[in-house]
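Participant: Model the structure of this input:
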Amino acid sequence: MISSNPFLRGLSHLRVERALAISYEDDCPLTYLPLHASQSHLLDNQVNLHPCIFCDAFALITEGQQISRDLEDQCPSTGIVRTIVYGLFAEELGRRVHIADTPSMEAARELIQQLQFETGHYSRCWEISSGHLTEAALQYLEDVADRRVPTGMLFEAFRIPASKAVGVKLIATPWRSQHLLAVDGRTAEQLYRSHLHAGVPEPLVKVLHMAALADTRLLIFDPDAPVLDGLPICEA
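Facilitator: Numbering: from 1, shown residues only. Got it, this is the predicted structure:
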C-alpha cells in the first residue's frame, strides 16, 4: 500500500473566517477569537471598537446586546475589539492551513479568486509516464479504449490520435465513500473490489483510485511523459 497520494496538489476548501482582535490587559498581545454563533449576524460596525467578554473559544459583544447568563458565565475575561480580520484558510493534505489575514470580506474573496481557477480545483488533469502501469494493465486500458463500449465502472478509456498515449476519463470523482454513496450507491472500498472483480488489473485500479481520490478528472498515460514523483514505476 502507498501511504501518501502523489496526485494531491495545492490547497482545497478555501474559506473565510472572521476574527476579532481583542485587547484586554496591559502588555498582553492581542487575542484573536471568533464571535459566538449567537452573534455571528452582527455587522462589523456593531463589533469593531466595542467592549466584549471572551473565553478561549469565542467572544461576545456586550454593548447593546443581550447575553444569556449561561454564556456570560463561560466568559471570564473582558476586553475591547481593536480591529476585525478576515482570515483565509484552506486544507492541504488533510491539514488546516492559515494562508493570510485580510481587512475585509471583499478583500478575502478577491484573494480566493486569485488562488483558484473558476472550477475551484487544481490539478484535475495529469499526464504521467505509462511506466507507472504494468504491460498487462496498459494493454487492458488500450483494449478498453479500442472497444469504444462504455465500461459502466466510473471510468472510460480513449486513444490519443497520432500518439502512443492512452487517456482515462474518471467519472463521479472524488472517489470518497461519502460522495460515492450519494451518486453511485457504493463505498470506495466496494468500488475498488468491483473493479478487481470485473478484471481490471490491480496496478491500474490502484492508480485510478488514487487519482480519483484527489478529484482528478483526466489521466493520460504516455511513454514520453514524466514520471510522477512518489508513484512507483512498474518493472518491465
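
Participant: now the helices: where do they sit in this structure?
Facilitator: 69-73, 105-115, 135-147, 177-183, 188-197, 202-213 (DSSP state H).

Participant: Please enumerate residues in contact with the third one?
Facilitator: Put plainly, it is helix 135-147. Helix 135-147 is contacted by residues 130, 133, 151, 156-159, 166-168, 199-201, 203-204, 221, 234, 236 when judged by Cβ atoms under 8 Å, 6 or more residues apart in numbering. All C-beta spots, glycine's among them, are computed from the backbone N, C-alpha and C.

Participant: Selection in PyMOL covering whichever of the residues you listed are buried, please.
Facilitator: Typed into PyMOL, the line below selects the buried ones among these, using 16 or more other Cβ atoms under 10 Å:
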select buried, resi 130+133+156+157+158+166+167+168+200+201+203+204+221+234
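
Participant: Give me the subset of the contacts of helix 135-147 lying in strands.
Facilitator: Counted as lying in strands by DSSP state E, out of those, are 156-159, 166-168, 221.

Participant: Have a look at this structure and report its longest strand.
Facilitator: If you go by DSSP E, the chain has its longest strand at strand 77-92.

Participant: Check which helices and strands that one sits against.
Facilitator: strand 12-23, strand 51-54, strand 59-61, strand 95-102, helix 105-115 (3 or more Cβ pairs under 8 Å, 6 or more residues apart in numbering; DSSP states H and E).

Participant: Which of the residues in that strand are classified as buried?
Facilitator: Within strand 77-92, the residues scored as buried using 16+ other Cβ under 10 Å are 79, 81, 83-90.

Participant: Show me the domain layout of the protein.
Facilitator: 12-115, 125-222 (automatic domain parsing).

Participant: So which of the ones you listed is the most surrounded?
Facilitator: domain 125-222 (a mean of 17; mean count of other Cβ atoms under 10 Å).

Participant: Now for the closest residue to K164 other than its chain neighbours: which residues touch it?
Facilitator: Among residues not flanking K164 along the chain, P223 sits closest, at 5.5 Å (Cβ to Cβ, 6 or more residues apart in numbering). Counting by Cβ under 8 Å, 6+ apart, P223 touches 129-131, 164-165.

Participant: How about F54?
Facilitator: 22, 24, 31, 33, 60, 75, 77-79.

Participant: and if we set it to 10 Å?
Facilitator: 20, 22, 24, 31, 33-36, 60-61, 74-79, 81 (Cβ atoms under 10 Å, 6 or more residues apart in numbering).
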